[in-house]
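>>> Predicted structure and sequence below. I'll ask about it afterward.
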Amino acid sequence: MRSLPYFCRGLVIRGFGRGSKDLGIPTANFQESVVDSLPADLNTGIYYGWGCVGNGAVHKMVMSIGWNPYYKNTKKSMETHLIHKFKEDFYGQMLSVVLVGYIRPERGFSSLDELITAIRSDIEEAQRNLDLPEHLKLKEDNFFRASLSTTSNQIMNGH
Ligand code: ADP
Ligand code: RBF
Ligand code: MG
């Protein structure tokens, strides 16, 4: 996909409150302006990449972009699951991510169990792919170290 790798950052807002966290798969939802800024050629679907909260460590992540057909959302969202156990929630904080690879389109499922099984397999695929040297180097990208006091646009123009 032409737009990859795609760098973006924005604030974490409250999501749909469906208890993804209770399922063991919390997803940090991006503020609307981040969703609205997506390039037109970046398809909806499931991606993997790297992400960090504030100035914290960079972790592997999986992201769902779109309307969650299983729930038939009317609002497009970008939901990031960081593959790391956090001690606390980070609503209102700055989340920085780079989308590195595409896994699959979003789809509907006939049960919540099937959705969770699919997400677990996405996580495994992300774990494996991100260990490849060409993907590991993005973890060290200056994007994750740039001062957060600079506006995100100024930073992203560097890419
Ligand atoms: P919501 O519907 O508000 O998005 P979730 O159940 O999806 O609620 O939980 C998401 C929240 O959980 C995030 O906004 C973040 O504050 C917190 N969180 C804790 N650990 C993680 C993680 N590993 N990945 C993403 N979010 C996490
Ligand atoms: N929602 C869907 O409706 N269809 C999907 O194929 C789908 N895939 C997902 C893959 C990943 C890696 C993640 C993190 C979320 C996905 N979601 C999908 C979104 C999911 O429905 C949402 O996070 C729910 O809140 C989980 O209960
Ligand atoms: Mg969420």
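Thanks, I have it. Ligands and ions are numbered 1, 2, ... in the order given.

>>> Now His135: which helix or strand?
helix 133-139 (DSSP states H and E).

>>> same deal with Phe90?
Here Phe90, judged by DSSP H and E, is contained in no helix and no strand.

>>> And the pLDDT at Ile155?
Reported pLDDT at Ile155 in the predicted model: 53.

>>> Would you mind writing the CA trace of stretch 114-132 as PDB?
Extracted C-alpha coordinates of stretch 114-132, given in PDB (Å, rounded to 0.1, in the frame of the first residue of the first chain):
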ATOM      1  CA  GLU A 114     -15.100 -15.700  16.500                       C
ATOM      2  CA  LEU A 115     -14.300 -12.000  16.500                       C
ATOM      3  CA  ILE A 116     -11.900 -12.600  19.500                       C
ATOM      4  CA  THR A 117     -10.300 -15.600  17.800                       C
ATOM      5  CA  ALA A 118      -9.600 -13.500  14.700                       C
ATOM      6  CA  ILE A 119      -8.100 -10.700  16.800                       C
ATOM      7  CA  ARG A 120      -5.800 -13.100  18.600                       C
ATOM      8  CA  SER A 121      -4.600 -14.400  15.300                       C
ATOM      9  CA  ASP A 122      -4.000 -10.800  14.100                       C
ATOM     10  CA  ILE A 123      -1.900 -10.200  17.200                       C
ATOM     11  CA  GLU A 124       0.200 -13.400  16.500                       C
ATOM     12  CA  GLU A 125       0.800 -12.200  12.900                       C
ATOM     13  CA  ALA A 126       1.800  -8.800  14.200                       C
ATOM     14  CA  GLN A 127       4.200 -10.300  16.700                       C
ATOM     15  CA  ARG A 128       5.900 -12.400  14.000                       C
ATOM     16  CA  ASN A 129       6.100  -9.800  11.300                       C
ATOM     17  CA  LEU A 130       7.300  -6.900  13.500                       C
ATOM     18  CA  ASP A 131      10.400  -9.000  14.400                       C
ATOM     19  CA  LEU A 132      11.600  -8.700  10.700                       C
END
